[in-house]
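**Q** Here is my input, please return the structure:
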Amino acid sequence: MRRGRVDGARSSLRFQSMSSSDDLFDLARAAYSERERAQRGEQSGELEFHHISPPVRAKIVMLLKDSASDDYHAGFWYERMGKAINRYLGREELPEHREAHPITSMHEYLEAERDTEAFLSAVELLFAGLKTLDEKRETDHARARSTSGYIPRHEAKLMDAENACRHLNEIFQRHRLGFRFENDKIIRIDSTHVHAEIVHPTLMLLSDPYYSGANQEYLKAHEHYRHREYPACVVECRKAFESVMKIICVKRQWVWKEPAVVKNLIAACLDNRLLPAANEDQLAGLQKVLAAATLASNKPGGGHGQGDTPAPVHPHIAAYTLHLTAANILFFVQAEHALP
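**A** Coordinates of the predicted model:
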C-alpha cells in the first residue's frame with residue numbers, strides 16, 4: 001500500500017513537471033504538425049500583417065493565463081489594463097463584457113476583437129504591464145516569507161514576464177506574423193533576418209539607460225511605421241541617429257559644429273577618429289538618405305518647403321530608412337565601445 005502511494009506520488013510529480021508552462025510550450029513546439037511544417041519549409045515565405053487567426057489569439061490568451069491567472073493580484077491588474085485599453089478604444093467598457101469579471105472580460109475581448117491594430121495595442125499594453133504584476137507579486141511574496149515563510153502554491157508556478165514575452169515572440173514567429181515585442185513595444189518587421197541581425201541587437205544596445213532618448217525616438221519610428229505613418233517614421237529615424245551621435249560626443253567630450261544635425265555630428269565623429277576615414281563616403285550616403293527622407297516628410301523642422309505638392313514617403317523608403325538607421329546606430333555604438 002505504501003509503495004502504491006509512493007508510485008502515485010512519483011507519477012503526480014512527473015505530471016506536474018510536464019505540465020509547467022515552459023514545458024507545455026516545449027511540447028507544443030515538438031508536436032508532429034510543427035515538425036512536418038518546418039520540414040516542408042512552411043516556416044519561410046511572406047509575413048502576415050493584417051489577419052491574426054483565432055488559434056493565434058487563443059494561444060496568446062493561454063499565455064496570459066499562464067502568467068497572470070491568480071485572482072488576488074491579477075484581478076486588479078486586469079481591471080487597470082482594461083481601463084487603459086478603453087481609453088485607447090474610446091469606449092467606457094470593453095465591448096459587450098460589462099458584467100464579466102475583469103480577467104474573463106479581457107480574455108473574451110482578445111478572442112473577439114477583429115481589428116488588428118486594436119488587438120495588437122491591447123496585447124502590447126498587457127505584456128508590457130506584466131513586469132508590474134511580477135513586481136507586485138514579489139513584494140507580497142517577500143512580505144509573506146519574512147512573516148511566515150509561506151508562498152501560495154498557485155502563485156509560485158506562474159510564468160514570469162520575461163518568459164511570457166519570449167513566448168509571445170515565438171508565437172509571432174511560428175505563425176509568420178510580421179511583429180515582435182521589443183523593449184515593451186510591438187514593432188513591425190519586414191524581414192526576420194534583418195530583424196535578428198540588425199534591429200534586435202540595436203534595440204538591445206539602446207535599452208541601456210544612457211541611450212534612453214535615442215531608444216524612445218527609434219521605437220517611435222517603429223510605431224509610426226506599424227501605423228503606416230511613413231513621414232513621421234523617417235523623422236524619428238533621423239532624430240534617433242542624431243541623438244546617438246550627440247550622446248557619444250558628449251561622453252567623449254568632442255565638440256561639434258552647430259547646428260547639431262547629421263552632417264556636423266558625423267564630421268565630429270570622423271574628426272575624432274571614431275570611425276576610419278574610409279567610411280566617410282558611406283556616411284555621406286547615409287546623410288543624403290536621411291536628408292532626402294526627412295525633406296520628403298514635410299514635418300516642422302524636417303526640411304525646406306515643398307510648395308503645393310509634398311513629396312510622398314513610400315513604405316519601402318521608410319523600411320529602408322529604419323534598417324539603415326539601425327545598422328548605423330549599431331556601427332557607431334560598437335565603435336565607441338571599442339575606443340580606449
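
**Q** same question for the one helix or strand residue 201 maps to, mean pLDDT?
**A** Using DSSP states H and E, residue 201 maps to helix 200-206. Average pLDDT, helix 200-206: 91.

**Q** care to break this protein down by domain?
**A** 45-178, 198-338 (automatic domain parsing).

**Q** how about those in CSV, adding mean neighbour count and distance to residue 186?
**A** Every C-beta, even on glycine, is put in place using the N, C-alpha and C of the backbone. Below are these laid out as CSV (neighbours: other Cβ atoms under 10 Å; distance: least, Cβ to Cβ, whole Å):
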stretch, mean neighbour count, distance to residue 186
domain 45-178, 16, 4
domain 198-338, 18, 7
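
**Q** closest one to residue 189 among those domains?
**A** Among the domains of the chain, domain 45-178 comes nearest to residue 189, with 5.4 Å by Cβ to Cβ.

**Q** what's the spacing between the closest one and its chain's center?
**A** From the chain centre to the centre of domain 45-178 is a distance of 15 Å (Cα atoms, centre = their mean, to the nearest Å).

**Q** Chain neighbours aside, what residue packs nearest to residue 323?
**A** Nearest non-adjacent residue to residue 323, counting by Cβ to Cβ, 6 or more residues apart in numbering: residue 194, 5.5 Å away.

**Q** Contacts for the helix or strand where that neighbour lies, please.
**A** Element membership of residue 194 [criterion: DSSP H and E] is helix 192-194. Outside helix 192-194, the residues that touch it by Cβ atoms under 8 Å, 6 or more residues apart in numbering are 47, 173, 323.

**Q** The first one and residue 117: what is the separation?
**A** Taking Cβ to Cβ, to the nearest Å as the measure, residue 47 and residue 117 are separated by 16 Å.

**Q** what's the answer for residue 51, then?
**A** For residue 51 relative to residue 117 (Cβ to Cβ), the value is 12 Å.

**Q** again, but for residue 159
**A** Separation of residue 159 from residue 117 (Cβ to Cβ): 26 Å.

**Q** likewise residue 271?
**A** 45 Å.

**Q** ok, now residue 201?
**A** As judged by Cβ to Cβ, residue 201 and residue 117 stand 27 Å apart.

**Q** what about the helices in the stretch 201-340 of the chain?
**A** Using DSSP state H, counting those that start in this stretch, the helices found in the stretch 201-340 of the chain span residues 212-226, 230-252, 262-271, 280-297, 315-338.

**Q** Can you tell me what sits against the shortest one?
**A** Surrounding helix 262-271, the residues in contact under the criterion Cβ under 8 Å, 6+ apart are 238, 241-242, 245-246, 248-249, 254-258, 275, 277, 279-280, 283, 286-287, 290-291, 332.

**Q** Give me the angle between it and helix 230-252.
**A** Here helix 262-271 runs at an angle of 30 degrees relative to helix 230-252 (axes from the mean of the first three to the mean of the last three Cα atoms, to 10 degrees).

**Q** Now helix 262-271: average pLDDT?
**A** Taken as a whole, helix 262-271 has an average pLDDT of 90.

**Q** Can you give me every residue that contacts the closest residue to residue 243 other than its chain neighbours?
**A** Spatial nearest neighbour of residue 243, chain neighbours left out: residue 214 (3.9 Å); criterion: Cβ to Cβ, 6+ apart. Residues near residue 214 by Cβ under 8 Å, 6+ apart: 206, 240-241, 243-244, 247, 329.
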